[in-house]
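In: Quick one, what's the 3D model for this:
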Amino acid sequence: MNARRIVSHDDWISARKELLAQEKQFTRLRDQLSRSIRDLPWERIDKDYVFDGPRGRETLAELFDGRRQLVVYHFMFDPAWEEGCRICSFMADHLAPLVVHLGERDVTMLVCSRAPLAKLEAFRRRMGWDFKWVSSAGSDFSRDFRVSFTEEQIDAGEVEYNYRKERGIPGTELPGMSVFARNGAGEVFHTYSTYARGLETFLGAYRFLDIVPRGRDEDDLAFTMQWIRHRDRY
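Out: Numbers count the residues shown, from 1 in each chain. The predicted structure follows:
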């Protein structure tokens, strides 16, 4: 930990007030950004996506579970894997407690992966999560929303991810989050998606690390988030 200036209480209060002004500016900018996200135009979903879930086969419209808004976390779980991505599991640990609260605000939140439902259910039980997890196996959903890629795409050396061309991606799966809305006529619309560091704001643990003296302490790691483990392997 780097050496810090040690000051009097009055000097500390003065420095803290300067920082508070920056925090208030950031809050106003964040509110403005949130409004811009909500004002983004919608696109109609015309494709018939079907998922395997605990209730059997369900369409995208049925995943809303009677609500008007749907948040889908794209969890990295290739069909060939025996367990889900540890970094996506870190995200899932944050999402799981929120499902019931969001449900009271007309929002259904669930998790989706390409792995078969039996693998998803087994891993969900191991992790102790109680959210709904559906499989997009057999549909184009994960590929259409640019979170799953074929070996041919990877071998070609370039894929579209996070609204740009990416080279050298590490595998067939990448994380993301997508938001949908459903109107009274049952039509479904895509309203927002975010990927990569756009997901970071949903990670409360990082928010706590950002306010402690050592911060995230990731500079000496081979890559950010290398330290993260499945919760039962720390």
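
In: quick one: secondary structure of Met109?
Out: Following DSSP: H, G, I helix; E, B strand; the rest coil, Met109 is assigned to strand.

In: residues near it, how many?
Out: Look at Met109: counted by other Cβ atoms under 10 Å, it has 22 neighbours. Heads up, the C-betas are built off the backbone N, CA and C, glycines and all.

In: Just list the residues touching it, thanks.
Out: Shown in contact with Met109 (Cβ atoms under 8 Å, 6 or more residues apart in numbering): Leu70, Val71, Val72, Tyr73, Leu95, Leu98, Val99, Leu102, Gly103, Phe131.

In: So what sits opposite the closest residue to it other than its chain neighbours in the bridge?
Out: Once flanking residues are discounted, Met109 sits nearest to Val71: 4.3 Å by Cβ to Cβ, 6 or more residues apart in numbering. Beta-bridge partners for Val71, by DSSP bridges, are Met109, Val179.

In: For the helix or strand of the chain with the lowest mean pLDDT, C-alpha coordinates in PDB please.
Out: Here the helix or strand of the chain ranked lowest by mean pLDDT, DSSP states H and E is helix 151-155, holding a mean of 89. Once non-C-alpha atoms are left out, helix 151-155 reads as follows in PDB (Å, rounded to 0.1, in the frame of the first residue of the first chain):
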ATOM      1  CA  GLU A 151     -15.400 -22.300 -33.700                       C
ATOM      2  CA  GLU A 152     -15.500 -21.200 -37.300                       C
ATOM      3  CA  GLN A 153     -16.000 -17.600 -36.200                       C
ATOM      4  CA  ILE A 154     -13.200 -17.800 -33.700                       C
ATOM      5  CA  ASP A 155     -10.900 -19.500 -36.300                       C
END
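
In: After it, heading C-terminal, what element do we hit next?
Out: Using DSSP states H and E, the helix or strand that follows helix 151-155 in sequence is strand 158-161.

In: Name every strand pairing with that next one and say which way it goes.
Out: Partners of strand 158-161 in its sheet, by DSSP bridges: strand 164-167 (antiparallel).

In: contacting residues around the partner strand?
Out: Outside strand 164-167, the residues that touch it by Cβ under 8 Å, 6+ apart are Gly157, Glu158, Val159, Glu160.

In: so which of those would you say is closest to Glu82?
Out: Ranked by distance to Glu82 (Cβ to Cβ), the contacts of strand 164-167 are led by Val159 at 24.3 Å.

In: Tell me the spacing between the closest one and Thr172.
Out: 10 Å (Cβ to Cβ, to the nearest Å).

In: Ok, Ser142 next?
Out: Distance from Ser142 to Thr172, by Cβ to Cβ: 10 Å.

In: neighbour count winner among these two?
Out: Ser142 (26 against 21).

In: And the chain, what are its domain boundaries?
Out: The record assigns the chain these domain ranges, following automatic domain parsing: 7-39, 43-205.

In: top of the contacts of strand 164-167 by neighbour count?
Out: Val159 leads those on contacts (other Cβ under 10 Å) with 18 neighbours.

In: So in terms of bridging, what pairs with it?
Out: Glu166.

In: I'd say it and Gly168 touch.
Out: No - counting by Cβ atoms under 8 Å, Val159 does not reach Gly168; the two are 9.7 Å apart.

In: quick revisit: can you check which residues contact both of Ser142 and Thr172?
Out: Joint contacts of Ser142 and Thr172 (Cβ under 8 Å, 6+ apart) are Ser148.
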